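Asks: Next input, structure requested:
(one chain, ligands or ions: 1)
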Amino acid sequence: MATAFPVLLTFDLDAESGALARDPANASRPVTLSVGQYGPHVAVPRLLTMLREEQVPATFFVPGWVVDHYPASIEAIQRDGHEIAHHGYEHIPPARQSAEEEEVALVRGIESIKRVTGTVPRGYRSPSWEVSNVTLSLLTRYGFQYSSNFMGDDRPYVHQSAPLVELPIQWLLDDFPFFGVVPDRGMYGTTPPGVAYAAWWDELEALHAEASRGACYVLTMHPQCIGRASRVAMLRRLIGAARNLADVEFVRRQDLAHRVASERLTSSQQ
Ligand code: ZN
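Replies: As a prediction, the model looks like this:
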């Protein structure tokens, strides 16, 4: 029997937290904030409808601040069977925090998710994909099962320095370089959806050919970016095309992490 090829759809629901963490002065810029508000207000309902129709599970990484401000969105995501995972509290990258500040943010995020969903998160993706030298030990101490932050492989593996499964990510499979707009950083991502589709499909097909060596396909998306109408349509096309490949399975991260941990897959990474 051929090796199953895992496809993981993940959404970082930042809402306004990314803009506020980047520059607190954005709190008095209503238009800048509205970019993030589009996520929970418009993009999440549109994405949930598409995922429901396609019967595909996903993982949503959500900062505690967003959980506290948009509990109805989190409940809707959970109601559809998707996973809610940790994405910091105020979207401040751990590398910018002291060890104490990082722990406080981690605990606040866990508490927010637990308060709204009734469950503790098992997975962690750091804001802006950067961790500190204490992140992995903190995640271990607070019972996390997996991290999704490193780019050193395209196969899941177990960290050598901590009993955590890594589900690796990659800029190529992130929507932000294609669709992210951050005017104060000169980023105006208005790439046509077809261009992102071509890049994502080529990588999917090529990694699928390497399924036997344990490769998996991890898409990182942001509702405020991918959630525009033409881009959700593109994502739906990608899901449909992936289905036509042999032995593709759509899985939530916690389910793949659980499987990897139980198989005790190890590698030389980190
Ligand atoms: Zn984020």
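
Asks: remind me which residues of the stretch 1-150 of the chain are low pLDDT?
Replies: Low-confidence segments of the stretch 1-150 of the chain, defined by pLDDT under 70: 1-2.

Asks: Repeat the analysis, applying 80 as the threshold.
Replies: 1-3 (pLDDT under 80).

Asks: So which residues of it form strands?
Replies: 5-12, 59-62, 83-86, 123-124, 146-147 (DSSP state E, counting those that start in this stretch).

Asks: Let's have those strands in TSV, adding distance to Pro177 and mean neighbour count.
Replies: Glycine gets a C-beta too; all of them are placed from N, C-alpha and C. Below are the strands of the stretch 1-150 of the chain laid out as TSV (distance: least, C-beta to C-beta, whole Å; neighbours: other C-beta atoms under 10 Å):
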stretch	distance to Pro177	mean neighbour count
strand 5-12	14	25
strand 59-62	18	27
strand 83-86	22	24
strand 123-124	22	26
strand 146-147	22	26
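
Asks: Output the ones you listed in JSON lines; the columns should cover distance to the ion.
Replies: Output for the strands of the stretch 1-150 of the chain, formatted as JSON lines (distance: least, C-beta to the ion, whole Å):
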{"stretch": "strand 5-12", "distance to the ion": "4"}
{"stretch": "strand 59-62", "distance to the ion": "7"}
{"stretch": "strand 83-86", "distance to the ion": "11"}
{"stretch": "strand 123-124", "distance to the ion": "12"}
{"stretch": "strand 146-147", "distance to the ion": "15"}
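
Asks: of the ones you listed, which approaches Asp68 most closely?
Replies: Among the strands of the stretch 1-150 of the chain, the nearest to Asp68 by C-beta to C-beta is strand 59-62 (10.0 Å).
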